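A.B. asks: Predicted model, plus sequence, below.
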Amino acid sequence: MENLNEKPKESSWYFIDILRIIKKNIVLAISIILITLGIGLIYTFGIKNPVYKSTAQVYVVVPSSYAYAIEGSYDPSDSIKYTHTVATIIKGNVILSPIATKYDMTYQELLSKTETTVSDYEFIINISVYTGNKFKSRDIANDIANAIVNAAKNGGLLKFIYVNDGYIEISSYAEEGIYSSPNRMLYSMLSVLVGIGLAAIIIFIKEFASTKYKTREELEELNYSIIGTIYYDKKLKIDNPNDWLLKANEFYFDSYNRLYTNIRYANVDNQYRVIMVTSTVSGELKTAVAANLAHCIANDNKKVALIDLDTRKPQIHRVFEVQMEDGLVDYFDNVISRSKLFKSTYLNVDVITIGQEITNPQTFFGSDKLKNFINTLRFEYDYVIIDTPPVLDYSDATVISSLVDGVLYNVAIDYTSKRDVKLGIQALNNVGANIIGLNITKADFKRKHSFSLKEIIKKKNEQPQIQAPTISTPEADEIDEKLKAEVLNDNNKEEVINQENDTEEEIVEIQYVDEYGNEIEFLDDENENNE
């Protein structure tokens, strides 16, 4: 069996993370690649003018070389030298300038479109002309070939060929030009490669140079406990509050069970009973968290009231499908009786809506009426959950924070900027708010290792490490045996159990450690999370 205390290779994590980043941004990457490919195709087929190539062939021979061959003193390099000399003369202005004038070009323009090539073992000169017209390329190539022959036969620039008993002839006239450039296949491949590179750069900047919180480890730098991780169901319709409320048997509802448990044990001596739920900005699922947390508490047979104090954008009535009228403002104005204020729901959550529109929210939230009302609910309910506006959007949340026991601060992963989160928390700290901890929302379940403090990496059939209790008692031994049985059934379950010893009045701690030997704290909301 491998050593469980041995840390996994980081390279494997990097590879997995890269694959997840690619999968997450696959639509963006494909879009960028298709855009660059489209631009490349438009340039290749639409903007870039096609070039056609026509080639005429001329051969140069020195007959005296054959005589030398008969006498046994033939050196074929003589004719090759003549051939290279003619190829060089062709590109001079004496040959090309008259032809360039004929086609309304300068000598330099024609020179840039003309190419002469000679093999080291042949006496043939290939004269290639490249233009945007297949017929023009043919005509120019043939004109150059004729000009060379005439320059030799008529005693012109190339008369030295005949002086040395040589001759020059056209071996092949140029035909209609064939497509030469741009290389469409090459340009298309380059467009795809550029798209891939550009996509990689953009995704790198998006993922690694982002100012948003992307992992739990980054949020821990704020020095607040992470007491919840709400995994985001991508099938959920964010713009439809009727879909926000989960059923108790749904997979994602287990996140709220852990959140509720961690809130209960966050302060055992003085439990948080009146809890304000807020966030930095809108869109971080704070209302969904408030509604499902109240549902979770009621599911534990606790009496819970849910108050909607988000006067700017109330949504609780839509989540629980109750009327918004006859709310808290109406009750304070003596428009309705107290019995009409509480709206019972099928989930045993008593909902209190805001009611009519408030002209001056600050005065309303700072009133003694609201303070006394909340204090009254302390004696009537086990828990009171209050939904408020985002901290940075309005100052309502900072005022309401003075009326509650603690604040549950929601932060959406890969959504809220680090600067805004810090400003929101600082605003609450400035008024002395008691922040229970941070609750992560919109977390991706497939990337949940990024949001775990101490994730154990196990291979198939590996057994977890178990440490004995610090104090050996019959009660502790019984708990330890249960813990071992649970761990063997589920390799990924991590628990810390505090059992009070009734006889000796001591705290018995069952310490469960991760694969690195680090003790796992009870407050970690991921301790009971199944892989």
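C.D. replies: Looks like it arrived, so ask away.

A.B. asks: what about the strand or helix carrying N142, average pLDDT?
C.D. replies: Here N142 sits within helix 134-153, counting by DSSP states H and E. Mean per-residue pLDDT for helix 134-153: 90.

A.B. asks: Stretch 215-227 too?
C.D. replies: 88.

A.B. asks: just how off-centre is it within its chain?
C.D. replies: Centre-to-centre, stretch 215-227 and its host chain are 21 Å apart (CA atoms, centre = their mean, to the nearest Å).

A.B. asks: again with stretch 270-287
C.D. replies: Centre-to-centre, stretch 270-287 and its host chain are 27 Å apart (CA atoms, centre = their mean).

A.B. asks: repeat for stretch 403-413
C.D. replies: Centroid separation for stretch 403-413 versus its chain: 27 Å, with CA atoms, centre = their mean.

A.B. asks: ok, G38 to S191 distance?
C.D. replies: 8 Å (CB to CB, to the nearest Å). Using the backbone N, CA and C atoms, a C-beta is placed for each residue, glycine as well.

A.B. asks: same deal with S180?
C.D. replies: According to CB to CB, S180 stands 20 Å off from S191.

A.B. asks: thinking again about what came up before, so which of G38 and S191 has more stuff around it?
C.D. replies: S191 (22 against 12; other CB atoms under 10 Å).

A.B. asks: what sits against that one?
C.D. replies: By CB atoms under 8 Å, 6 or more residues apart in numbering, the contact list for S191 reads 36-37, 39-41.

A.B. asks: can those go into a markdown table with extra columns for pLDDT and distance to N410?
C.D. replies: Putting the contacts of S191 into a markdown table (pLDDT from 0 to 100; distance: CB to CB, whole Å) gives the following:
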| residue | pLDDT | distance to N410 |
| --- | --- | --- |
| T36 | 93 | 39 |
| L37 | 91 | 41 |
| I39 | 91 | 42 |
| G40 | 89 | 45 |
| L41 | 89 | 46 |
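
A.B. asks: Just the buried ones out of these, please.
C.D. replies: 36-37, 40 (16 or more other CB atoms under 10 Å).

A.B. asks: Return the subset of the residues you listed lying in strands.
C.D. replies: For those, not one is inside strands, with DSSP state E as the criterion.

A.B. asks: sorry, back to before: which of the contacts of S191 sits closest to D382?
C.D. replies: T36 (59.4 Å; CB to CB).

A.B. asks: Check the spacing between that closest one and L193 real quick.
C.D. replies: Applying CB to CB to T36 and L193 gives a distance of 9 Å.

A.B. asks: And K214, its phi and psi?
C.D. replies: phi -120, psi -20 (degrees, to the nearest 10).

A.B. asks: Provide the count of other residues in contact range of it.
C.D. replies: 17.

A.B. asks: Kindly report the same for the one 10 residues further on.
C.D. replies: Other residues within reach of Y224, judged by other CB under 10 Å, total 15.

A.B. asks: Correct me if wrong: it contacts N439.
C.D. replies: No: the pair Y224 and N439 fails to qualify as a contact (CB atoms under 8 Å) at a distance of 10.2 Å.

A.B. asks: got any residues that touch both of the two?
C.D. replies: The overlap between the contact sets of Y224 and N439 (CB under 8 Å, 6+ apart) consists of Y409.

A.B. asks: who touches the helix holding N142?
C.D. replies: Outside helix 134-153, the residues that touch it by CB under 8 Å, 6+ apart are 52-58, 86, 90, 94-96, 98-99, 102-103, 110, 113-114, 127-131, 156-159, 161-162, 167-170, 173-178.

A.B. asks: let's see 6 Å
C.D. replies: By CB atoms under 6 Å, 6 or more residues apart in numbering, the surrounding residues in contact with helix 134-153 are 52, 54, 56, 58, 90, 95, 99, 127, 129, 131, 157-158, 161, 168, 170, 173-174, 176-177.

A.B. asks: I'd like to know which of those residues are buried.
C.D. replies: Listed as buried from these are 52, 54, 56, 58, 90, 95, 99, 127, 129, 131, 157-158, 161, 168, 170, 174, 177; burial here means 16+ other CB under 10 Å.

A.B. asks: Just those: which are in strands?
C.D. replies: Applying DSSP E to these, the entries found in strands are 52, 54, 56, 58, 127, 129, 131, 168, 170.

A.B. asks: Would you enumerate the residues in contact with Y260?
C.D. replies: The contact partners of Y260, taken as CB under 6 Å, 6+ apart, are 296-297.

A.B. asks: pLDDT at the residue nearest the centre of the chain, what is it?
C.D. replies: In the chain, the C-alpha nearest the mean C-alpha coordinate belongs to N25, at 4.5 Å (CA atoms, centre = their mean). At N25, the predicted lDDT confidence score is 84.

A.B. asks: Could you check how far it is from F208?
C.D. replies: With distances taken as CB to CB, N25 is found 12 Å from F208.

A.B. asks: what do you get for T131?
C.D. replies: Computed with CB to CB, the distance linking T131 and F208 is 49 Å.

A.B. asks: what does K48 give?
C.D. replies: For K48, the distance to F208 equals 36 Å [CB to CB].

A.B. asks: ok, the two, which is more surrounded?
C.D. replies: Under the criterion of other CB under 10 Å, the comparison of K48 against F208 puts K48 first, with 14 against 9.

A.B. asks: per-residue confidence averaged over the host helix or strand of R258?
C.D. replies: Assessed by DSSP H and E, R258 sits inside helix 254-266. In this model, helix 254-266 has an average pLDDT of 92.

A.B. asks: following it, which helix or strand comes up?
C.D. replies: The helix or strand immediately downstream of helix 254-266 is strand 274-279, counting by DSSP H and E.

A.B. asks: which ones are touching D326?
C.D. replies: D326 makes contacts with 336, 340, as judged by CB under 6 Å, 6+ apart.

A.B. asks: Go through stretch 125-145 and flag the buried ones.
C.D. replies: For stretch 125-145, a neighbour-count test (16+ other CB under 10 Å) marks 125-131, 134, 136-145 as buried.
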